[in-house]
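Participant: Structure here, sequence nowhere to be found:
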Ligand code: AMP
């Protein structure tokens, strides 16, 4: 795989402490913070601390420890936010990648959206 990571992307700056964020959860390998332009009452971004561009990049090259840490962080965030589908009304996980995915920030992230009905997954073409 030949992903090239841009160290000046905005989430890299957040991870280096150069830009503030509203942290929801921080673990050894993962940071979660509120999206600056929320699309729903709950809109949290979860990012690995490692230099991965997209979800598939992360899934292919991150260590088992990083992947486990990230995945468990997602579970904790949903539980704490009260948006799990078993105990509450559910939510949506989105990870945009590249041009067709309309990814703005080239550091792997998962959007967690909840707190209202979210409509269909994708706009009809
Ligand atoms: P994407 O299109 O999937 O790359 O989404 C990038 C997201 O990052 C958007 O929802 C932005 O609102 C969000 N975002 C950009 N800058 C910041 C920031 N400084 N703090 C929090 N969220 C941000």
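Facilitator: Yep, it's here. Everything numeric in this text was worked out from a predicted model, so none of it was measured.

Participant: count of neighbours near residue 58?
Facilitator: Around residue 58 there are 23 other residues, counting by other Cβ atoms under 10 Å. From N, CA and C alone the C-beta is placed, and that goes for glycine too.

Participant: Just give the closest residue to it, not the sequence neighbours.
Facilitator: residue 52 (4.0 Å; Cβ to Cβ, 6 or more residues apart in numbering).

Participant: Contacts for whichever strand or helix holds residue 75, please.
Facilitator: Using DSSP states H and E, residue 75 sits in helix 64-81. Residues outside helix 64-81 that contact it (Cβ atoms under 8 Å, 6 or more residues apart in numbering) are 24-25, 27-30, 32, 42, 44, 46, 48, 50, 58-59, 62, 84, 91, 93, 110, 112, 114-115.

Participant: Quick one: buried ones out of those residues?
Facilitator: Neighbour-count burial (16 or more other Cβ atoms under 10 Å) applied to the contacts of helix 64-81 gives 24-25, 29-30, 32, 42, 44, 46, 48, 50, 58, 62, 91, 110, 112, 114-115.

Participant: and the residues you listed, which of them are in strands?
Facilitator: 24-25, 30, 32, 42, 44, 46, 48, 91, 110, 112, 114 (DSSP state E).

Participant: Now tabulate the residues you listed in a markdown table and tack on pLDDT.
Facilitator: Listed next are those as a markdown table, based on pLDDT from 0 to 100:
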| residue | pLDDT |
| --- | --- |
| 24 | 98 |
| 25 | 98 |
| 30 | 99 |
| 32 | 99 |
| 42 | 98 |
| 44 | 99 |
| 46 | 99 |
| 48 | 99 |
| 91 | 98 |
| 110 | 98 |
| 112 | 98 |
| 114 | 98 |
